[in-house]
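Visitor: Okay, predicted coordinates and the sequence, questions at the end:
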Amino acid sequence: MSAAKKLLTIGTAALTSGVFALTTVPAQAWEPNHPIEIIVPAGTGGGADQMARAMQGIITKHNLSKQSVVVVNKSGGAGGEGFLDIKNSKGNDHKLVITLSNLFTTPMATGIPFSWKDMTPVAMMALDEFVLWVNAESPYKTAKEYVAAIKAGADGQFKMGGTGSKQEDQIITVALQKVVGKKMTYIPYKGGGEVAVQLVGNHINSSVNNPIEAVAHWRAGKLRPLCVFDTKKLDYHDKIAGDLAWDSIPTCKSEGIDVEYLMLRGYFMPAGVSKEVVDYYVDLFKKVRETPEWKKLMNDGAFNQTFMSGDEYAKWVAAAEKTHEDLMKEAGFLAKSN
């Protein structure tokens, strides 16, 4: 089984376990007594940034916390800046970090000394999808047409934009290159929002943006989705661009691209926080998930809505770490120190 398929297995297992029932947690003794800080280890406009800021707005609008929520982007060192902040904030019960796959890929690729084991797992909010996008003015109407053009071109002719280096977007690009048999020129940017803007401006030929990062440009007629890197079509039916909805997009596998990938959107805290603190945030996040604004975010971003906390979440993260180690090894992205 390839490493990509191993990750899929994790995602599928999570999905089949279902969305967990939202139960009422008994009143907690602990509550924050000053503003809560959420660190985004990536630039503005990307999927993690959008989810963190959406949750900030939901918590404020519905008065779900007596304290305000502050979102801070710390993208330096491929997100290592943000994770090191959490690692060095032991016992800080007012600080969280929202993750993307750089939770695994950054320490493996750079040797920056942090691990999810240095932090306290809080909750998985969702799993994020990846879509192959081109500019709507490009001649490629299907993934098969785009792949045929890459095959007919020279090595490095087609430019793929993505978030960071040796992270999820480049891992998918390397897997795509193996399928196509031609190298692409990978151009890293600080966040998914910037990647989408570059594609709209025709500065790159394609991207593998998460749905939430590109949906506004698709709705505006600027971008075209070609396929989704999942085993099945997205289960969202609302019309977005003309008669097209998320479930209109074929899987990449059905288009001849046997590449699959799902990404964690979850929260961690510094080490040394109490169970009562973690329970407070898990309960807060469950309340967020019950709001119409959260449901709209899930719909707009076509998320896999799996939720986990506690030991189940920690076990999922441990398995995902091993899968990413295999993926990074296959791509040749592991730092020499690993």
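Guide: Now that the structure is in, tell me what you want to look at.
Visitor: Check the residue lying closest to Asp128 once chain neighbours are set aside and give its pLDDT.
Guide: What sits nearest to Asp128 in space, not counting adjacent residues and going by CB to CB, 6 or more residues apart in numbering, is Met263, at 4.4 Å. In this view, the C-beta of every residue, glycine as well, is placed from N, C-alpha and C. pLDDT, Met263: 93.
Visitor: what residues are up against Met263?
Guide: Shown in contact with Met263 (CB atoms under 8 Å, 6 or more residues apart in numbering): Gly47, Leu100, Ser101, Leu127, Asp128, Phe130, Glu168, Asn210.
Visitor: 10 Å instead, please
Guide: 7, 11, 47-48, 99-103, 126-130, 167-169, 172, 210, 304, 320 (CB atoms under 10 Å, 6 or more residues apart in numbering).
Visitor: Distance of it relative to Thr323?
Guide: 11 Å (CB to CB, to the nearest Å).
Visitor: And for Lys117?
Guide: For Lys117 relative to Thr323 (CB to CB), the value is 16 Å.
Visitor: Between these two, which is the more surrounded one?
Guide: Thr323 (19 against 12; other CB atoms under 10 Å).
Visitor: average pLDDT for the helix or strand harbouring the more buried one?
Guide: Per DSSP states H and E: Thr323 is located in helix 310-331. Averaged across helix 310-331, the pLDDT comes to 93.
Visitor: Please apply the same query to stretch 170-188.
Guide: On average, stretch 170-188 scores 94.
Visitor: First-to-last residue distance for that stretch?
Guide: End-to-end distance of stretch 170-188: 8 Å, with CA to CA, to the nearest Å as the criterion.
Visitor: cool, and stretch 244-254?
Guide: 18 Å.
Visitor: Ser248: what's it in contact with?
Guide: Pro225, Lys233, Leu234, Tyr236, His237, Lys239, Ile240, Ala241, Gly242.
Visitor: didn't the fourth one look like it was pressed against Asn299?
Guide: Yes. With the criterion set as CB atoms under 10 Å, Tyr236 and Asn299 qualify as a contacting pair; they are 5.8 Å apart.
Visitor: Put the alpha carbons of the helix or strand hosting Asp283 into PDB.
Guide: Using DSSP H and E, Asp283 maps to helix 275-289. Taking C-alpha atoms only, helix 275-289 is exported to PDB below (Å, rounded to 0.1, in the frame of the first residue of the first chain):
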ATOM      1  CA  LYS A 275      -7.900  18.200  32.100                       C
ATOM      2  CA  GLU A 276     -10.400  20.800  33.200                       C
ATOM      3  CA  VAL A 277      -8.900  23.300  30.800                       C
ATOM      4  CA  VAL A 278      -9.000  20.900  27.900                       C
ATOM      5  CA  ASP A 279     -12.600  20.000  28.700                       C
ATOM      6  CA  TYR A 280     -13.500  23.700  28.600                       C
ATOM      7  CA  TYR A 281     -12.200  24.100  25.100                       C
ATOM      8  CA  VAL A 282     -13.700  20.800  23.800                       C
ATOM      9  CA  ASP A 283     -17.000  22.000  25.100                       C
ATOM     10  CA  LEU A 284     -16.500  25.400  23.600                       C
ATOM     11  CA  PHE A 285     -15.700  23.900  20.200                       C
ATOM     12  CA  LYS A 286     -18.800  21.600  20.400                       C
ATOM     13  CA  LYS A 287     -20.900  24.700  20.900                       C
ATOM     14  CA  VAL A 288     -19.300  26.300  17.900                       C
ATOM     15  CA  ARG A 289     -20.100  23.300  15.800                       C
END
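Visitor: Helix, strand, or coil at Ile38?
Guide: strand (DSSP: H, G, I helix; E, B strand; the rest coil).
Visitor: how about Phe125, secondary structure?
Guide: That one is not Phe; residue 125 is Met. Assignment for Met125 (three-state DSSP): strand.
Visitor: On the three-state scheme, Trp133 is what?
Guide: Trp133 - assigned by three-state DSSP - is strand.
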